[in-house]
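J.: Structure, please.
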Amino acid sequence: MDRKQALLTWVQKTLDDPECYVKSASSDASFRSYWRVFSQLQTYIVMDAPVKYENCQPFIDVSKKLGDSGLHIPKVFACDLEQGFLLLSDLGTIQYLNVLNKDNYLSLYGDAIQALHTIQQQTSNENLPLYNSTLLKQELELFNKWFIEQHLGVSLNAKQLDIISCCQELLITNALQQPQTFVHRDYHSRNLMKTIKNNPGILDFQDAVIGPVTYDLVSLLRDCYISWDEKVTFQLSDLFRKGYNQLNDLNIESDQWQKWFDLMGIQRHLKAIGIFCRLNYRDHKPGYLKDINRTLCYVKQACGKYPELHQFLNLIHEITPSMDFICEQ
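T.: Below is the predicted model:
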């Protein structure tokens, strides 16, 4: 029996509906895939997470934490951990990415920011792993291995390696000195669904950790899949800062917050670029390569603001002379 048939057989048995059927809903950057179940008048989603590569238990655990906070997440109706199947509620088909525009971004991002406050203020982070220096370093190394070495075919000399090492230390220190909180870790327009009630629906939270306060915000506002004028980004980031200060009786200044935000974005975007290349070369998923331009432009623009990162910015220019990056101003 192939995997799709095994999944269908399990769904039909679980729902006690031999007539239900499934259609592909989406896949993501991991080994997971998603299927929409059509059962009489109701639809569901089945997550297929092959146990050789994935573990469904973190999804179940984190979904309970988020659900207990009143957030709109897929409800887990049934699971088969031995096969790697989860039967979930269906949050619809309207991704933020597909509907965001200049007329609705304030409303949609406003909802996402409110949900992020709820994640940070009301959701338990008990038993979540720490976004520590080891994990941050591992993520940054993805840029070196998969983008510089594999994608560009560049071997760095000792001086260049030292520049990258200094940059990594700066970014890791920046992440660890921020207030630490619940971090979704992939809070962006492809994982937020526009819903009629309790907007947004929130997906793909199984990798949650305890980490820097600006991480999810920079994922949202400096999104690898859609970009906005920097004035818009600052406006929304500062809105979040003011709300965070009020909720926590703090007085984090705008300049401090902006530097945390900018450097956190560099860390995330270097990681993302490495993952996009790994998806192409290891997993044979070339579709993410088109997002490297936008993501590397975020890195270049942020590095340009801070003298301590100018050497790293110059290095990027040195190793990508043949790549035509067009960065929006």
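J.: Show me which positions of the longest helix along the chain end up buried.
T.: The longest helix of the chain (DSSP state H) is helix 254-281. Using 16 or more other Cβ atoms under 10 Å as the test for burial, helix 254-281 gives 257-280. Where you see a C-beta, it was placed from the backbone N, CA and C, and this is true even at glycine.
J.: same thing with stretch 147-166?
T.: Phe147, Ile148, Gln150, His151, Leu156, Gln160, Ile163, Ile164.
J.: Report the separation between the two terminal residues of it.
T.: 18 Å (Cα to Cα, to the nearest Å).
J.: Give me the contact list for that stretch.
T.: The contact list for stretch 147-166, computed with Cβ atoms under 8 Å, 6 or more residues apart in numbering, reads 144, 273-274, 277-278, 280-281, 292, 311-312, 315, 318-320.
J.: and which of those residues is nearest Ala112?
T.: Comparing these against Ala112 with Cβ to Cβ places Ile273 closest, at 23.6 Å.
J.: could you say what helices and strands the longest helix of the chain packs with?
T.: Counting contacts by 3 or more Cβ pairs under 8 Å, 6 or more residues apart in numbering; DSSP states H and E, helix 254-281 is packed against helix 133-142, helix 158-177, helix 215-221, helix 230-248, helix 292-303.
J.: helices or strands up against the helix or strand hosting Leu7?
T.: Assigned by DSSP states H and E, Leu7 belongs to helix 3-15. On a contact count with 3+ Cβ pairs under 8 Å, 6+ apart, helix 3-15 meets strand 21-27, strand 33-39, strand 42-48, strand 76-80, strand 85-89.
J.: At the geometric centre of the chain, which residue do we find?
T.: What sits nearest the mean C-alpha location of the chain, by Cα atoms, centre = their mean, is Asp186, with 1.7 Å.
J.: Helix or strand: which one has it?
T.: Going by DSSP H and E, Asp186 is not in any helix or strand.
J.: same deal with the one 10 residues further on?
T.: No secondary structure element spans Ile196, as it lies outside all helices and strands (assigned by DSSP H and E).
J.: Tell me the confidence at it?
T.: pLDDT recorded at Ile196 is 95.
J.: Glu328 now?
T.: Taking Glu328 on its own, its pLDDT is 56.
J.: let's have the chain start at 47 instead
T.: Understood, numbering begins at 47; the last thing we discussed is Glu374.
J.: quick one: the residue nearest to the centre of the chain and Val264 touch, right?
T.: No - Asp232 is beyond contact range of Val264, at 11.9 Å (criterion: Cβ atoms under 8 Å).
J.: Sweet, I'm off.
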